[in-house]
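Q: Model the structure of this input:
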Amino acid sequence: MLIRMEIPVDAPGIDSLLKRAFNRESEAALVRALREDGLLTLGVVATDDEGGVIGYASYCPIWIDGEDHQWVALAPLAVDDAWRGQGIGRQLVYKGLDTLNEFGYSAVVTLGDPSWFHRFGFEPAARWQLRTSWPGTEAAFQLFTLADNALDGVSGEVSWPAPFVHPVLRTGH
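A: Reported below is the predicted structural model:
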């Protein structure tokens, strides 16, 4: 198995993995839209020995009260069912955080299971008066800071790129 940054030839495998992992089209359509719109900050893949995509994590830009603070969102994160329980999701997250830190990003947010993301150092975003426009996401909204000053003067509503807000427009459903 290899964990690396996504390259163009991975796109069909990523698409297939996301459809299988989520048993629907929306996450695959989201990643395609982010990629097409130039909003895919980072894609990290896990590949098997034949180069097949068995895990994926994508990161895209976000804004706080309309301002760019060099923050990104992790979404989606998927591992093929046959490969779960082997630490691949953990490796994808760590590789993404390390790479984003090297690129100079300040923080990462995600909507996910707090107990799972806590092991990486993610904390509830609400502690810093950060919120989303999606009702009922408060407990799942998590934050990981990459820079010591990431939270200086930052609070408010976090917004995601348009493909998150209008996914139905991208899938044609």
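Q: ok, then the element right after the helix or strand hosting Arg35?
A: Following DSSP states H and E, one finds Arg35 within helix 26-36. Per DSSP H and E, helix 26-36 leads on to strand 42-47 as the next helix or strand towards the C-terminus.
Q: I'd like the distance between the most centrally placed residue in the chain and Gly51.
A: The centroid of the chain falls nearest to Leu74 when counting by Cα atoms, centre = their mean (1.7 Å). Per Cβ to Cβ, to the nearest Å, Leu74 is found 24 Å from Gly51. All C-beta atoms are positioned from the backbone trio N, CA, C, and that covers glycine.
Q: pLDDT at Pro167, what is it?
A: Note for Pro167: predicted pLDDT of 47.
Q: Which parts of this structure are helices?
A: Ranges of helices within the chain are 11-22, 26-36, 88-103, 114-118, 162-165, 167-171, based on DSSP state H.
Q: just so I know, which of those lies nearest Leu143?
A: When these are compared by Cβ to Cβ, helix 114-118 sits nearest Leu143, at 9.4 Å.
Q: ok, the residue at the greatest distance from the centre of the chain to Asp15 distance?
A: Going by Cα atoms, centre = their mean, the residue of the chain most distant from its centre is Glu50, 25.0 Å out. Using Cβ to Cβ, Glu50 is found at 17 Å from Asp15.
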